[in-house]
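In: Whatever this is, show me its structure:
(2 chains)
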Number of protein chains: 2
Amino acid sequence: MDPISRFSAACRRQPVDRPPVWIMRQAGRYMASYRALRGRASFLDICKQPALSCEATMMAVDQLGVDAAILFSDILVPLEAMGLTVEFPEGGPEIGPAVRTADHVERLRVAGAADALGYVYDAVALIRKTLDERAGADGPLPLLGFAGAPWTLATYAIEGGTNKGGGKNKHALRRLIYDAPDVLHALLEKLTVVVADYLVRQVEAGAHAVQVFDTWAGLLAPDEWRALSLPYTTRVLEAVCARTGVPTIHYALESAHLLDAFRALPCDVLSVDHRESLSSVRARTGGRFALQGNVEPGVMTASLPAIERAVAACLADYGDAPGHIMNLGHGITPDASVDAARHFVVTAQRLGAERRR
Amino acid sequence: MDPISRFSAACRRQPVDRPPVWIMRQAGRYMASYRALRGRASFLDICKQPALSCEATMMAVDQLGVDAAILFSDILVPLEAMGLTVEFPEGGPEIGPAVRTADHVERLRVAGAADALGYVYDAVALIRKTLDERAGADGPLPLLGFAGAPWTLATYAIEGGTNKGGGKNKHALRRLIYDAPDVLHALLEKLTVVVADYLVRQVEAGAHAVQVFDTWAGLLAPDEWRALSLPYTTRVLEAVCARTGVPTIHYALESAHLLDAFRALPCDVLSVDHRESLSSVRARTGGRFALQGNVEPGVMTASLPAIERAVAACLADYGDAPGHIMNLGHGITPDASVDAARHFVVTAQRLGAERRR
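Out: Reported below is the predicted structural model:
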């Protein structure tokens, strides 16, 4: 199978020759080549200069042999396009000014915000062109675009300067939930319009599929998530589906308590972390999604045999039904090794193919 | 009902006049009186000097009107008694030397470790005496002892100096899970012996019930938790039950994925966080436990009406069956206010009594 067909088929729960494999945050600080790039350019510079974004994206393709490329960018760049400042000091992002009142929300730009992210679409087009040029005998790799879910972007915007360290409490956010839900919903409304346009534009520029990161979904109890995240993410996913037709992946972590609620998501793929087995997730979500994941990322700091055991266990747990995209449960960390990541990919490809024979 | 009978009955799922209420970390930095105490003594000094531990414990009793007192101490003091250094710099505890090899485990002291914690039993006895002296018309409050679960103490001991900040990854721990499980089990074995003795001694000194904090349970997938935590915590709980007969409370957070596995715990009460509703937890655990919790702690930084809504929602969700101990889902945070905490307690007592009429 050619890589684009394999990835699309896995998303649609159609038969494949083997599950495709990629790694969340596959271009990152664990790579010497990425650290060298960061010596020349800031994180935001890499996001904003298409040539650098393409260079970072291709590192993972070239060094790991993954089955999909993902745009190198950050979920927070739309907040900048809406009029906030976004910085990435050590320890976590800082967004200014924190969005905590109706006035703050009022000031956020919606019209033109997606247009202001032209550097992202340029990066997507350049990466797509590069993937086509460097295609192997089987054909070019698929390219994934991505964005943060409105709820998760709202979390960052509201916490502002307190995302790092103590930001784990997210009490600025909690105060809005308890005492000013209208402000929160007004913010979510604006984010939804921008994120939907932003993802559609990524697909128009060349992305074959998109992943929506609802990183902070797990903060919420099910009824809270149904009120504060589901309606907005649903509109984003439906816009992508209606206006582009590409497969959509929904990512969350530490969200086993939300699995029943996730059944209502109009996406093709759920990306889940290691805390619940894929077979259990499939049972709890009624088998209506393809599943992405869910090897525990710490294994990337363990021995190569341990990685092999983890990959084999994940494939065995999912079983032979169609609809599995092999990945970690969340992003690879800076203390991982490139050898480990490569072994993960090669092992997933080898064992995945063996299971299909 | 007198407070000790009310608390015990709630733990045993017997009828009560109203659910008892207390607050995890109810004596803490959110209180001016506690900050003043910390101006005079370090955190470890307060843990180690029975008069200071008693003073901190009684702050919550006096200022909040809670229905139970809890020993002021820290789950990490047994690690010190086993031969490690334990410090509490800003940002998280530091344990030295980190326990990562068979040799490190070998060096840990078991015999005499529980004896070396005499200052804790002295504190328990002093607090108990003070509670008796200051009893209201209904009688004295119950006193809770506590300890960390072996798994959670192992996590801290293995991470050592990396518990703070990046310690969220817990990769030192993960490396043992993947490549040296024997070392991990040897450590868990030693911790189990010490923790069981330590809790029994707290009860012998006067505690009416004990809570076992498996704070890091949620890191693990269900099969991992069944292998690495359940057998050891089970031995601790069984020792307390067999040797003292007092009620036992098991605490975990971010552990909705473990609810099926929790059914095997030989405890009386499960303390759960806000991520799953109490009615859902009860259904998933087959109704075999009393439940403690589970109001989201951020509400303590919101308005008083918001606190009232949260308390009412929690009581309504649990319903009128016996076996509810009202509490937060996890510890109250330094940005909470004493007024909020007091309002939480008073409201829980008032609404809880109204529901029973």
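In: tell me the contacts of the residue lying closest to residue A:44 once chain neighbours are set aside?
Out: By the measure of Cβ to Cβ, 6 or more residues apart in numbering or on different chains, the closest residue to residue A:44 outside its immediate chain neighbours is residue A:88, 6.6 Å from it. (C-beta placed from N, C-alpha, C; glycine too.) Contacts were defined as Cβ atoms under 8 Å, 6 or more residues apart in numbering or on different chains; by that measure residue A:88 touches A:42-44, A:74, A:94.
In: So which of those residues are in strands?
Out: Secondary structure assignment (DSSP state E) places residue A:94 from the contacts of residue A:88 within strands.
In: Which one of the contacts of residue A:88 sits in the busiest neighbourhood?
Out: Going through those with other Cβ atoms under 10 Å in any protein chain shown as the criterion, the one with the most neighbours is residue A:94, at 20 neighbours.
In: which residues does that one form a beta bridge with?
Out: For residue A:94, the beta-bridge assignment (DSSP bridges) gives partners residue A:87.
In: Relative to residue A:84, how far out is it?
Out: 10 Å (Cβ to Cβ, to the nearest Å).
In: I'd assumed residue A:21 was in contact with residue A:325.
Out: Yes - assessed by Cβ atoms under 8 Å, residue A:325 is found in contact with residue A:21 at 7.4 Å.
In: so residue A:294 sits in a strand?
Out: Yes - assessed by DSSP: H, G, I helix; E, B strand; the rest coil, residue A:294 belongs to a strand.
In: and the residue nearest to residue A:44, what are its phi and psi?
Out: Note on residue A:88: backbone dihedrals following degrees, to the nearest 10 are phi -130, psi 70.
In: pLDDT at it, what is it?
Out: We note a pLDDT of 92 for residue A:88 in this prediction.
In: Check residue A:165 too.
Out: 53.
In: so how far is residue A:61 from the closest residue to residue A:45 other than its chain neighbours?
Out: In space, not counting the residues next to it along the chain, residue A:45 is nearest to residue A:52; the distance is 6.4 Å by Cβ to Cβ, 6+ apart. The span separating residue A:52 from residue A:61 equals 15 Å under the rule Cβ to Cβ.
In: neighbour count winner among those two?
Out: Set side by side, residue A:52 and residue A:61 show unequal neighbour counts under other Cβ under 10 Å, the larger going to residue A:61 at 22 against 18.
In: Check which helix or strand the more buried one maps to.
Out: Assigned by DSSP states H and E, residue A:61 falls within helix A:50-64.
In: That helix: how far from the chain's middle?
Out: Offset of helix A:50-64 from its chain centre (Cα atoms, centre = their mean, to the nearest Å): 17 Å.
In: what residues does it touch?
Out: Contacting residues not belonging to helix A:50-64 are listed as A:22-23, A:26-27, A:31, A:33-34, A:37, A:41, A:45-47, A:66, A:69-73, A:119-120, A:122-123, A:125-127, A:130-131, A:134, A:141, A:338, A:341-342, A:345 [Cβ under 8 Å, 6+ apart].
In: Now a PyMOL select for only the buried ones of those residues.
Out: To isolate in PyMOL the members of these that are buried, counting by 16 or more other Cβ atoms under 10 Å in any protein chain shown, one can use:
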select buried, chain A and resi 22+23+26+27+31+33+34+37+46+47+66+69+70+71+72+73+119+120+122+123+125+126+127+130+131+141+338+341+342+345
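In: out of the contacts of helix A:50-64, which are inside strands?
Out: Taking DSSP E as the definition of strands, these contribute A:69-70.
In: Hmm, residue A:220 is touching residue A:228, no?
Out: Yes - under the criterion of Cβ under 8 Å, residue A:220 lies in contact with residue A:228, with a separation of 6.4 Å.
In: hey, what's in contact with both of these two?
Out: Looking at what touches both residue A:220 and residue A:228 (by Cβ under 8 Å, 6+ apart), the common residues are residue A:151.
In: Quick one: residues contacting whichever residue of the stretch 201-350 of chain A sits closest to chain B.
Out: The shortest separation between the stretch 201-350 of chain A and chain B is 3.1 Å, found at residue A:298 (distances taken as Cβ to the nearest Cβ). Each residue near residue A:298 by Cβ under 8 Å, 6+ apart is listed here: A:333, B:169-171, B:173-175, B:177-178.
In: 10 Å - rerun?
Out: Residue A:298 makes contact with A:274, A:306, A:310, A:328-329, A:333, A:335-336, B:169-175, B:177-178, B:219 under the criterion Cβ atoms under 10 Å, 6 or more residues apart in numbering or on different chains.
In: Give me the pLDDT for it.
Out: The predicted local distance difference test score for residue A:298 is 96.
In: Next: residue A:23.
Out: You'll see residue A:23 listed with a pLDDT of 98.
In: Tell me if I'm right that it and residue A:341 touch.
Out: Yes - the pair residue A:23 and residue A:341 passes the contact test of Cβ atoms under 10 Å, sitting 6.0 Å apart.
In: Apart from its neighbours in sequence, what residue is nearest the residue in the stretch 51-200 of chain A that chain B sits nearest to?
Out: Closest to chain B within the stretch 51-200 of chain A is residue A:174: 3.1 Å, counting by Cβ to the nearest Cβ. Ranked by Cβ to Cβ, 6+ apart and with sequence neighbours excluded, the top spatial neighbour of residue A:174 is residue B:298, at 3.1 Å.
In: Same question for residue A:215.
Out: Spatial nearest neighbour of residue A:215, chain neighbours left out: residue A:152 (4.8 Å); criterion: Cβ to Cβ, 6+ apart.
In: What about the contacts of residue A:298, which are in helices?
Out: In this view, the contacts of residue A:298 that belong to helices under DSSP state H are A:306, A:310, B:171-175, B:177-178.
In: Same list (these) but as a markdown table, adding distance to residue A:349 and pLDDT.
Out: Output for the ones in helices among the contacts of residue A:298, formatted as a markdown table (distance: Cβ to Cβ, whole Å; pLDDT from 0 to 100):
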| residue | distance to residue A:349 | pLDDT |
| --- | --- | --- |
| A:306 | 18 | 98 |
| A:310 | 15 | 98 |
| B:171 | 25 | 91 |
| B:172 | 30 | 93 |
| B:173 | 29 | 95 |
| B:174 | 24 | 96 |
| B:175 | 25 | 96 |
| B:177 | 25 | 98 |
| B:178 | 21 | 98 |
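In: between those residues, which is closest to residue A:203?
Out: For residue A:203, the nearest member of the ones in helices among the contacts of residue A:298 is residue A:310. The distance, counting by Cβ to Cβ, is 32.7 Å.
In: Pretty sure residue B:179 is one of the things that closest one touches, is it not?
Out: No - applying Cβ under 10 Å as the test, residue A:310 and residue B:179 come out as separate, 11.4 Å apart.
In: Mutual contacts of these two, please.
Out: Counting by Cβ under 10 Å, 6+ apart, the shared contacts of residue A:310 and residue B:179 are A:299, A:302.
In: Pick out whichever of the two has more residues nearby.
Out: More neighbours sit around residue A:310 than around the other of residue A:310 and residue B:179, counting by other Cβ under 10 Å; the figures are 22 against 14.
In: the longest helix in chain A is where?
Out: Criterion DSSP H: the longest helix present in chain A is helix A:181-205.
In: So which residues on the stretch 101-250 of chain A come close to chain B?
Out: Neighbours of chain B within the stretch 101-250 of chain A, by Cβ under 10 Å from any Cβ of the partner chain: A:164-166, A:168-180, A:218-225.
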